[in-house]
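Enquirer: below are the sequence and a predicted model for it; my questions follow.
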Amino acid sequence: MALMPKRVKHRKSQRGRIKGNATRGNTVAFGEWGLQSLDPGHIAANTIEACRIAATQYVRGEGKLYIRIFPQKSVTSRPLETRMGKGKGEPDHWVAVIKPGTVLFELSGVSKEAAKRCFARVAHKLPVNVRLVERRPSI
């Protein structure tokens, strides 16, 4: 089942623009290795689910996967072969808005090589460029 919010204030949202870098959610907080976005973009809920399945199949219970993004923006679409001028379409799917620097997924309990191979499988499914980042020691 794809991720979606339980309830929202407004069913239909405007597209908007993605400006600037991420100031929140841009460090590895839960795991030891993170997958950080380098580009802005939208990641659909079914893409997040496909990434989750690919990562959990690779780690097979020896590591823990943390998903740091959630799709909370609705994307609407009109039916095919519909003429213009009948208003905005119905919500079609949900996306997560990603700024450059956002940590998308985190892994703990695995080595660097295993994390690199796991995130390489995940990166093939994502519409943005990503890189592997390490947790910085806290003072």
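Expert: Right, received. Where do you want to start? Numbers count the residues shown, from 1 in each chain.

Enquirer: how about the helices in the chain?
Expert: Using DSSP state H, the helices found in the chain span residues 45-59, 112-123.

Enquirer: closest one to R15 among those helices?
Expert: Closest approach to R15 among those is made by helix 45-59 (16.9 Å; C-beta to C-beta). In short, each C-beta sits where N, CA and C put it, glycine included.

Enquirer: residue contacts, I53?
Expert: Counting by C-beta atoms under 8 Å, 6 or more residues apart in numbering, I53 makes contact with nothing.

Enquirer: one step back: now the helices of the chain in a markdown table, with mean pLDDT?
Expert: Below are the helices of the chain laid out as a markdown table (pLDDT from 0 to 100):
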| stretch | mean pLDDT |
| --- | --- |
| helix 45-59 | 96 |
| helix 112-123 | 96 |
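
Enquirer: may I see these arranged in a markdown table, with distance to P79 as well?
Expert: Output for those, formatted as a markdown table (distance: least, C-beta to C-beta, whole Å):
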| stretch | distance to P79 |
| --- | --- |
| helix 45-59 | 20 |
| helix 112-123 | 33 |
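
Enquirer: E106 pairs with what?
Expert: Counting by DSSP bridges, E106 is bridged to G34, Y66.

Enquirer: before we move on, the earlier item: what's the closest of the helices of the chain to V75?
Expert: The closest of the helices of the chain to V75 is helix 45-59. By C-beta to C-beta, the value is 10.0 Å.
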